[in-house]
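A.B. asks: Next input, structure requested:
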Amino acid sequence: MQKRKTIVRDISWLSFNNRVLQEAADETVPLRERIRFLGIFSNNLDEFFRVRVATLRKMTELGNKAKMHLESQPQAILEQIQEIVYQQQVEFERIWKEIQKELGKQNILLLNEKKLSSAQQKFVLDYFNEEVRSFIIPLMIESIQNFPVLNDKSIYLACKLSKKDKTIPQRFALVSVPTRSLPRFLILPSKPEEHNIILLEDIIRFCLPVIFSSLGYDQFSAHIIKLTRDAEIDIDNDISTPLIQKIEKGLKNRKKGKPVRFVFDKEIDISLLTYLVKRLGLSLKENLVPGGRIHNFKDFMNFPDSVFSQKGLRKKPFTHPLLKNAGSVTAVVFNKDVLLNFPYHSFDSVIDLLREAAIDPNVVSIKITCYRLASRSKIVN
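C.D. replies: Below you'll find the predicted structure:
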């Protein structure tokens, strides 16, 4: 009997993520949602490298034993992944340029630090001094013996400092972009009927002379870099250690997991890139990925809604007709099945059902599978 050929699960997953990219490319989808789909695609891909690619990298060490589980050599799968991801990245950049043109037609402009008016420059400088400056800790990386551990999910500005007259040698520095503490987007003062937005990293780029003024440099270049790490949790087999402690230790070690991908702005100074790759101990096996000016596109899932007209926004979810004004969701469901389709139907009906079950003395237990909960989950509450 001929053995059935199966599609490798990791290649299949990339096909799924490509379907997300297709939604971003669809011109019939509201513009705000197309941007959100790009953010979802980016977030999915980060997770894919943290878990799937990291696992395949470990399996390369098993040799033929790995092929027994995968029906293919893990190295061959990794090479195929790299090729597909590169093609998807090219398509991602094409879609993003197309969306930027559509944003321009709606007078929504994403400005970088070189395109600010004098009034906007003052606004950005004031915002930096009042809100951003206290979060900025520049690292002169050539002066540090042990290279700092770059956090997964964070982005950094890799900076090259120099002086026009070359009286002092050039230096390299790293600046962490504090996206966990501050919004990624800042809406700027704009002309009537126009919406100008600047990214947090471009605010920092504009203020590099302020950050490094004491060092005497007058030329600055800065490009985004990002390191993705192995996020699998390795649990200690020591039977004398409580499970909670094992998990705590595994989570701490995950912050220092092996690099599985290094993404950088392809316009970065080659001497700075070479230095970073060397200090981080990276090689081509770590998936060195040249990209565009913007990384951690997942933040674009929170692109400001206020700049869009109502036509550019998704309609608000509505309550299912059978549940609208219903005194009890439980009573309705006991009487008749109700199919909810998200995100079109409101999720509040599910919350109401759980709340009713939580206070009903006849309910013995509530069992539910939760995956990827919100930071302030109403379900958990």
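
A.B. asks: what about stretch 84-100, average pLDDT?
C.D. replies: Throughout stretch 84-100, pLDDT has a mean value of 94.

A.B. asks: which other residues reach it?
C.D. replies: 11, 14, 17-18, 21, 24-25, 31, 34-35, 38, 41-42, 45, 110, 289, 291-292 (C-beta atoms under 8 Å, 6 or more residues apart in numbering). In short, each C-beta sits where N, CA and C put it, glycine included.

A.B. asks: Which PyMOL command selects the buried ones in those?
C.D. replies: Buried subset of the contacts of stretch 84-100, written as a PyMOL selection, criterion 16 or more other C-beta atoms under 10 Å:
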select buried, resi 14+17+21+24+25+31+34+35+38+41+42+45+110+289+291+292
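
A.B. asks: Helices of the stretch 51-200 of the chain, start to end?
C.D. replies: 54-59, 64-70, 74-105, 118-127, 200-206 (DSSP state H, counting those that start in this stretch).

A.B. asks: who wins for proximity to Asp305 among the ones you listed?
C.D. replies: With C-beta to C-beta as the criterion, Asp305 lies closest to helix 74-105 of those, at 13.4 Å.

A.B. asks: Which positions within that closest one qualify as buried?
C.D. replies: For helix 74-105, a neighbour-count test (16+ other C-beta under 10 Å) marks 74, 77-78, 81, 84-85, 88-89, 91-92, 95-96, 99, 103 as buried.

A.B. asks: Let me have these in TSV, adding distance to Phe212 as columns.
C.D. replies: Below are the buried residues of helix 74-105 laid out as TSV (distance: C-beta to C-beta, whole Å):
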residue	distance to Phe212
Pro74	44
Ile77	44
Leu78	40
Ile81	39
Ile84	40
Val85	35
Gln88	37
Gln89	32
Glu91	38
Phe92	33
Ile95	36
Trp96	31
Ile99	34
Leu103	33
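
A.B. asks: Show me the shaky parts of the stretch 151-300 of the chain.
C.D. replies: By pLDDT under 70, the weakly predicted segments of the stretch 151-300 of the chain are 232-241, 243, 246-247, 249-256, 284-286.

A.B. asks: in it, which spans are strands?
C.D. replies: 156-162, 171-176, 185-188, 195-199, 219-229, 259-265, 288-291 (DSSP state E, counting those that start in this stretch).

A.B. asks: just so I know, which of these lies nearest Lys378?
C.D. replies: Closest of the strands of the stretch 151-300 of the chain to Lys378 is strand 185-188, at 25.7 Å (criterion: C-beta to C-beta).

A.B. asks: Go through that closest one and flag the buried ones.
C.D. replies: 185-186, 188.

A.B. asks: where's the residue nearest to Phe206 when sequence neighbours are not counted relative to Glu201, distance?
C.D. replies: If the residues on either side of it in the chain are set aside, Phe206 comes closest to Glu113, at 3.7 Å by C-beta to C-beta, 6 or more residues apart in numbering. Relative to Glu201, Glu113 is positioned 9 Å away (C-beta to C-beta, to the nearest Å).

A.B. asks: what does Phe37 give?
C.D. replies: Applying C-beta to C-beta to Phe37 and Glu201 gives a distance of 22 Å.

A.B. asks: So which of those two has more stuff around it?
C.D. replies: Glu201 (25 against 22; other C-beta atoms under 10 Å).

A.B. asks: Make sure the more buried one is actually in contact with Ile155.
C.D. replies: Yes - look at Glu201 against Ile155 with C-beta atoms under 8 Å: they come within range, at 6.9 Å.
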